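>>> here is a sequence together with a model predicted from it:
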Number of protein chains: 4
Amino acid sequence: MSGEIETAQPKKRTAPKEVRRKQLIMAAIDSISKRGFSDTTLRHVTEAAGLSHGVVNYHFDSKEALYDATLGYLAQEHYGMWSRYLADAGNDAAQQLESIIRADFDKKICTHTKLAVWFAFWGQAKYRPNYIKIHNKYDNERDQHILELCSQLIASGGYTNLEAERAARMIETQTDGAWLSLLLYPKVAPRQELLQDCLDLLARLFPDHYSV
Amino acid sequence: MSGEIETAQPKKRTAPKEVRRKQLIMAAIDSISKRGFSDTTLRHVTEAAGLSHGVVNYHFDSKEALYDATLGYLAQEHYGMWSRYLADAGNDAAQQLESIIRADFDKKICTHTKLAVWFAFWGQAKYRPNYIKIHNKYDNERDQHILELCSQLIASGGYTNLEAERAARMIETQTDGAWLSLLLYPKVAPRQELLQDCLDLLARLFPDHYSV
Amino acid sequence: MSGEIETAQPKKRTAPKEVRRKQLIMAAIDSISKRGFSDTTLRHVTEAAGLSHGVVNYHFDSKEALYDATLGYLAQEHYGMWSRYLADAGNDAAQQLESIIRADFDKKICTHTKLAVWFAFWGQAKYRPNYIKIHNKYDNERDQHILELCSQLIASGGYTNLEAERAARMIETQTDGAWLSLLLYPKVAPRQELLQDCLDLLARLFPDHYSV
Amino acid sequence: MSGEIETAQPKKRTAPKEVRRKQLIMAAIDSISKRGFSDTTLRHVTEAAGLSHGVVNYHFDSKEALYDATLGYLAQEHYGMWSRYLADAGNDAAQQLESIIRADFDKKICTHTKLAVWFAFWGQAKYRPNYIKIHNKYDNERDQHILELCSQLIASGGYTNLEAERAARMIETQTDGAWLSLLLYPKVAPRQELLQDCLDLLARLFPDHYSV
DNA sequence: CATGAATGAGTCTTCATTCAT
DNA sequence: AATGAATGAAGACTCATTCAT
């Protein structure tokens, strides 16, 4: 779509602040996914971005600030994804719940690279309260949607042996576990298959609304 | 089994080596759980162990070797846990499957500390093939057990709309996700509750063998 | 003397350059007095001046050049001060010598801020011959005045047990030491008191010309 | 005196903590005197000490801690010097006061190198309250001695036109100024000459106790 | 003239590892 | 076996200087 414009303009030496920040965030994602957290250095990041050593501290207060921004980017992207899926799902609760789950397996989000970064963050979450905070800022809303939709389905379906809290938790646990599986054992089952697992769970929780 | 040959020297001959190693491994678990991977230094480890700075490199070839041993310890402990649970489960397949799952939530294993260490390792797994290898060495067998038991239940129960592979995967995904949940949001649901989620899943997969 | 030739362009033509330089010098004095030499960065200076980061290197060849100019400014101000005091002192040698000393304690010059900067420079003088050179350029003349005046007083007073060199040196040593005292222990004795010390010294050196 | 012993022992690779600390302090004095404060790096220090780069942070918490220790060393040395001179002075107050002053010009203390370091510290004193504190810790006692001795001389001599505070201040100001002179203009007057200036001041303050 | 993004050499500091004792 | 002093590579971060705009 674009790209040929850039050859005309001989790659600017200076760029607006937001452009550089994004560039560095992408480079951070790249490096973290390739090397993990502890082995990623700022030099790796700047080299991946094709920039000089000093830029990071020009655009971010510290390495930690860059990481915060990186997680923020990922969380925001995730947020954007499921809310778009949700918006496109129409008014049916079952449809909406399914959509939120499908969003998690969207090609753009559910890449090996990004999964690696997610788990790098989660592996540190306990000692960096900031990470939890940033993640929650975007993710709590999703939790509430899922819980609310489960409640609605239970009410409309008359599932007497199921609490909304448990259903919501099982669904989220399944999607989280699926991501972990994709990260650790990408060969065991592909993305689509793990999505099917989640949909299968949905059908078993709410048999009147979904079919296997 | 061993040890009684050299009765002259009463157990101290070979023990110290192993004692020190275990001591260091425990200290490593402690420090990793408190500070994460990247912030753990060998000084932290030796201090936690109450030993001098130089011992680590005396007992382990490198920091990495200590980490390998630490993961090995954890994996072995996990292995020991579920195989004991399995052994105690009798001959019933349903009972056995449930036991393997229950093992994951045993108090000794499923602590916040150890979970933190597990995810620290998983967060690095992608770049340290060793970690995967060590983990698989002990865990593959569990996978096979679960798969085999799912097959048996399906066969005996006549669940036409369920493949053993998918069932096994869903179960493992649920237990893995449960651990992640316990790590990241310990307040959201306690250990017992997440175990119930897993048992609930079992009941929905194999309604003739389990009841909610 | 200059400026009136280009009446068409009202003072803005050449002024800005000098205005900016002065602005930066004042900002340098401010920052050096607040943070010392080694902790002062050009960013501090430009921020204090309310200017953008790049200007310093536009108006000065280097940081060092700015510092040279700053010391020059201070030295020139000092020069202007004692020569004005001297000019106002009339023809009496005793009066003149006293005036030169009084100049050192003038409110405009003898501030904590400027003293701090002076000693910052002197603390570096050994390794920056430039500083000594700049300082001497303005100060040698003062030394000679003091020496000459001491000679005159000795001659006119018949102080047999005093050499002009020693007297001059003792006076200058006392004023220098007074500045150091004001910098390091501003609470011990105020400006006026230390001036009195110097005048007291004068009276003891030249009892026929001054009284305590 | 000593030195040949060291050739027998092939320069130990490891040394007691205090030996290394002193070694580093001496190297710091050396480097600060040669390059000043802001241009001295830890690499300079360790190279001057013939040690490896990492030792400083092994023996001192930080560069700043090394500097504190360095000033402490200098202050302690000064303290030791004048208290020894004082002890050797006998019981006569005039003798004692003169001795304290003479101590300041002792060859061991009053070197160009050490003077440079002293003024480096004083040039920073305003922004490093620690330096003042360390200095005062050792120097206050000297101030009190001087003041007390001035009081005694005034009492015994009946100097009606002199307050002890002013006398003490003038003496200290003169010695401080002398050090500054030796640092900035070593060629103008040598150590002995500046000591004479101080003794001359003594004679003018207390003519019945000292003669020019 | 002025701005501020970009550069990269240089600083302090950390830390796994080595090794004399 | 154990200690802890010593090493030195490598990291994050700073900052004077340059330069496109």
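Good, I have the coordinates.
>>> C-alpha from now on. contacts and neighbour counts both.
Will do.
>>> spit out the contact partners of residue A:39.
Applying Cα atoms under 8 Å, 6 or more residues apart in numbering or on different chains to residue A:39 gives the contacts residue A:32.
>>> what does the pLDDT read for it?
With respect to pLDDT, residue A:39 has a value of 91.
>>> same question, residue A:11
pLDDT at residue A:11 comes out at 48.
>>> now residue A:15
Predicted confidence (pLDDT) at residue A:15: the value is 70.
>>> burial check on it, number of neighbours?
Residues within reach of residue A:15, counting by other Cα atoms under 10 Å in any protein chain shown, total 10.
>>> for residue A:174, which non-adjacent residue is closest in space?
Leaving aside its sequence neighbours, residue A:174 sits nearest to residue B:174 (Cα to Cα, 6 or more residues apart in numbering or on different chains; 5.2 Å).
>>> looks like the one you found contacts residue A:172 (just checking).
No - between residue B:174 and residue A:172 there is no contact under Cα atoms under 8 Å: 9.2 Å.
>>> with neighbour numbers in mind, choose between the two.
Neighbour totals were compared for residue B:174 and residue A:172, and residue B:174 leads with 28 against 22 (other Cα under 10 Å).
>>> the helix or strand that one falls within versus helix A:164-184: what angle between them?
Assigned by DSSP states H and E, residue B:174 belongs to helix B:164-184. If you take axes from the mean of the first three to the mean of the last three Cα atoms, to 10 degrees, helix B:164-184 sits at 100 degrees to helix A:164-184.
>>> give me the residues contacting helix B:164-184.
Against helix B:164-184 from outside (Cα under 8 Å, 6+ apart): A:122, A:125-126, A:132, A:170, A:173-178, A:180-181, A:197, B:101, B:104, B:110, B:112, B:115-116, B:119, B:143, B:146-148, B:150-151, B:154, B:189-191, B:194-195, B:198, B:201-202, B:205.
>>> what about the residues you listed, which are in helices?
A:122, A:125, A:132, A:170, A:173-178, A:180-181, A:197, B:101, B:104, B:112, B:115-116, B:119, B:143, B:146-148, B:150-151, B:154, B:191, B:194-195, B:198, B:201-202, B:205 (DSSP state H).
>>> among those, name the buried ones.
A:122, A:125, A:132, A:170, A:173-178, A:180-181, A:197, B:101, B:104, B:112, B:115-116, B:119, B:146-148, B:150-151, B:154, B:191, B:194-195, B:198, B:201-202, B:205 (16 or more other Cα atoms under 10 Å in any protein chain shown).
>>> from residue B:106, how far off is the residue nearest to residue A:174?
Plainly put, residue B:174 is 16 Å away from residue B:106 if you go by Cα to Cα, to the nearest Å.
>>> domain map for chain A?
A:15-60, A:69-212 (automatic domain parsing).
>>> ends of the longest one, what's the gap?
From its first residue to its last, domain A:69-212 covers 40 Å (Cα to Cα).
>>> same thing with the first one?
With Cα to Cα as the measure, the first residue of domain A:15-60 is 15 Å from its last.
>>> got any ranges where chain A has weak pLDDT?
Chain A contains residues with pLDDT under 70 at A:1-14.
>>> spatially central residue in it, please.
The centroid of chain A falls nearest to residue A:78 when counting by Cα atoms, centre = their mean (4.1 Å).
>>> can you tell if stretch A:112-125 touches DNA strand F?
No - using Cα under 7 Å from any atom of the strand, stretch A:112-125 stays clear of DNA strand F, with a minimum separation of 14.8 Å.
>>> now what about that stretch, what contacts it?
Residues contacting stretch A:112-125 (Cα under 8 Å, 6+ apart): A:29-30, A:32-34, A:36-37, A:71, A:74, A:131-132, A:179-180, A:182-183, B:36-37, B:116, B:119-124, B:126, B:184.
>>> and it, how far from the chain's centre?
How far stretch A:112-125 lies from its chain's middle: 10 Å, per Cα atoms, centre = their mean, to the nearest Å.
>>> CA atoms only: put that stretch into PDB for me.
Taking Å, rounded to 0.1, in the frame of the first residue of the first chain, the C-alpha atoms of stretch A:112-125 are listed here in PDB:
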ATOM      1  CA  HIS A 112       5.000 -16.200  18.300                       C
ATOM      2  CA  THR A 113       6.900 -13.000  18.700                       C
ATOM      3  CA  LYS A 114       4.300 -11.200  20.600                       C
ATOM      4  CA  LEU A 115       3.400 -14.200  22.800                       C
ATOM      5  CA  ALA A 116       7.000 -14.400  23.800                       C
ATOM      6  CA  VAL A 117       7.000 -10.800  24.800                       C
ATOM      7  CA  TRP A 118       3.700 -11.200  26.800                       C
ATOM      8  CA  PHE A 119       5.200 -14.100  28.800                       C
ATOM      9  CA  ALA A 120       8.400 -12.200  29.300                       C
ATOM     10  CA  PHE A 121       6.300  -9.500  31.000                       C
ATOM     11  CA  TRP A 122       4.300 -12.000  32.900                       C
ATOM     12  CA  GLY A 123       7.400 -13.700  34.100                       C
ATOM     13  CA  GLN A 124       8.500 -10.400  35.600                       C
ATOM     14  CA  ALA A 125       5.100  -9.200  36.700                       C
END
